[in-house]
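Novice: No sequence on hand, only this structure:
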Ligand code: ADP
Ligand code: MG
């Protein structure tokens with residue numbers, strides 16, 4: 001079931017006369033979530049992720065715009081009639097009910113033709129419990145479960161009505177780091193097995209990148225970019241997106257274009273044919289640096305951090321935004337020095353130019369200096 005958002009907008013009125021005017025939490029969202037895909041809504045706290053999810057499930061009514069599930073306009077449909085399964089950060093299980101009763105709870109009140117017998121409910125509960133691998137725990141109560149198990153129960157409960165759409169709002173935030181990794185892989189598996197169109201909300205770029213077919217990067221209620229995770233990483237549309245994706249983060253320098261070359265400080269580092277002269281911001285991914293004796297960019301080495309497969313070369317350059325930059329080098333090419341000046345050449349595909357005033361991307365295919 002595809003989900004279509006058409007000019008979807010949600011404004012909240014000012015809370016009091018003292019508070020700053022109204023908030024546009026979701027500003028003209030216009031995109032399609034393809035059938036059977038997992039889409040990650042990604043952005044910092046307060047960017048409108050939960051509001052978007054609540055509009056899709058019907059807990060909030062939009063100020064403007066429409067929502068379609070397939071060809072059905074569901075904009076005015078009550079939440080219980082939309083066929084959505086919801087999972088929140090706090091699992092919101094009923095403490096006095098067993099796992100099985102928690103899972104069947106949404107089935108208890110089905111009416112008419114949808115009404116199920118006790119046996120049918122049990123069967124359905126067992127089926128989804130098996131899918132999320134908690135079928136052994138059916139008789140326990142929530143307090144007898146780990147956080148990860150509780151979240152599985154919540155997912156099972158969301159799936160038991162066989163929803164058309166599954167919506168997850170920061171479902172992993174209450175789990176510890178290892179469980180978070182494991183559970184996100186589980187969610188991916190469950191989604192692929194069920195093929196339910198899923199919207200997954202997170203502020204964690206790593207989480208969104210690792211499980212989504214598509215990510216929607218948001219800021220202040222405005223969509224910044226939509227695309228496959230790798231595509232967005234490799235081709236960010238502005239500085240915000242470039243900075244938001246990637247660990248360690250992208251390194252940002254102030255730079256200058258003159259004579260069709262990119263300068264960082266007074267060193268020309270790449271050729272930039274066709275780019276107008278002037279000041280720019282330069283984003284260089286940590287993996288975009290190559291240690292090379294005659295590399296164009298000179299930095300003062302601070303230290304090396306060896307992390308198994310990779311080595312981080314941490315150094316300083318006056319043009320770098322925070323002074324310090326971090327380059328990731330393959331450990332097999334570990335340099336033998338530990339102090340002094342390091343020289344980097346740059347991988348052109350890992351270097352992005354942005355307008356200094358707006359942070360907008362400047363389309364550019366830089367080439368290494370040596371090539372003509
Ligand atoms: P996120 O989930 O990305 O952290 P939210 O969707 O919760 O962000 O909030 C987006 C913006 O809308 C924030 O500025 C928030 O303060 C505001 N907001 C959310 N819900 C309400 C509400 N019920 N009334 C007023 N403002 C709200
Ligand atoms: Mg939220």
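Specialist: Ah, there it is. Only a predicted model underlies this, so the values are computations on that prediction, with no experimental measurement involved. Ligands and ions are numbered 1, 2, ... in the order given.
Novice: Do you have the strands of the stretch 1-150 of the chain handy? List them.
Specialist: Assigned by DSSP state E, counting those that start in this stretch, the stretch 1-150 of the chain shows strands spanning 3-12, 23-33, 38-42, 64-69, 72-73, 84-87.
Novice: Compute the inter-axis angle for the third one and strand 3-12.
Specialist: Meaning strand 38-42. Direction vectors for strand 38-42 and strand 3-12, defined by axes from the mean of the first three to the mean of the last three C-alpha atoms, to 10 degrees, enclose an angle of 20 degrees.
Novice: anything in strand 38-42 near ligand 1?
Specialist: No: judged by C-beta under 6 Å from any ligand atom, strand 38-42 makes no contact with ligand 1; its nearest approach is 7.9 Å. (Glycine included, C-beta is placed from N, CA and C.)
Novice: partners of that strand in the sheet?
Specialist: Strand 38-42 pairs in its sheet with strand 197-202 (parallel), strand 214-219 (parallel), by DSSP bridges.
Novice: what's the burial count for the residue lying closest to residue 226 once chain neighbours are set aside?
Specialist: Nearest non-adjacent residue to residue 226, counting by C-beta to C-beta, 6 or more residues apart in numbering: residue 216, 5.0 Å away. Around residue 216 sit 25 other residues, with neighbours defined as other C-beta atoms under 10 Å.
Novice: can you map out the helices along this protein?
Specialist: All helices of the chain, identified by DSSP state H, fall at 49-57, 99-108, 118-131, 147-159, 177-194, 205-211, 229-234, 239-244.
Novice: Return the set of buried residues in the third one.
Specialist: Within helix 118-131, the residues scored as buried using 16 or more other C-beta atoms under 10 Å are 121, 122, 124, 125, 126, 128, 129, 131.
Novice: Quick check, the last one in contact with residue 192.
Specialist: No: taking contacts as C-beta atoms under 8 Å, residue 131 lies outside contact range of residue 192: 11.4 Å.
Novice: follow-up on the earlier one: now pLDDT and distance to ligand 1 too, for the buried residues of helix 118-131, in CSV please.
Specialist: What follows is the buried residues of helix 118-131, written out as CSV (pLDDT from 0 to 100; distance: C-beta to the nearest ligand atom, whole Å):
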residue, pLDDT, distance to ligand 1
121, 92, 33
122, 93, 36
124, 92, 31
125, 94, 30
126, 94, 34
128, 93, 27
129, 94, 29
131, 90, 27
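Novice: Which of those sits closest to residue 58?
Specialist: Nearest to residue 58 among the buried residues of helix 118-131 is residue 128, at 22.3 Å by C-beta to C-beta.
Novice: In contact with that closest one, which residues?
Specialist: Applying C-beta atoms under 8 Å, 6 or more residues apart in numbering to residue 128 gives the contacts 103, 156, 159, 160.
Novice: switch the cut-off to 10 Å
Specialist: Counting by C-beta atoms under 10 Å, 6 or more residues apart in numbering, residue 128 makes contact with 85, 103-104, 134-135, 152-153, 155-162, 190, 194.
Novice: For ligand 1, tell me which of these show up nearby.
Specialist: Checked against ligand 1 using C-beta under 6 Å from any ligand atom, the contacts of residue 128 yield no neighbours at all.
Novice: thinking again about what came up before, so the residue nearest to residue 226 is in contact with residue 202, correct?
Specialist: No: the pair residue 216 / residue 202 is not scored as a contact, 11.1 Å apart, by C-beta atoms under 10 Å.
Novice: From one end of stretch 242-260 to the other, what's the distance?
Specialist: End-to-end distance for stretch 242-260: 24 Å, by C-alpha to C-alpha, to the nearest Å.
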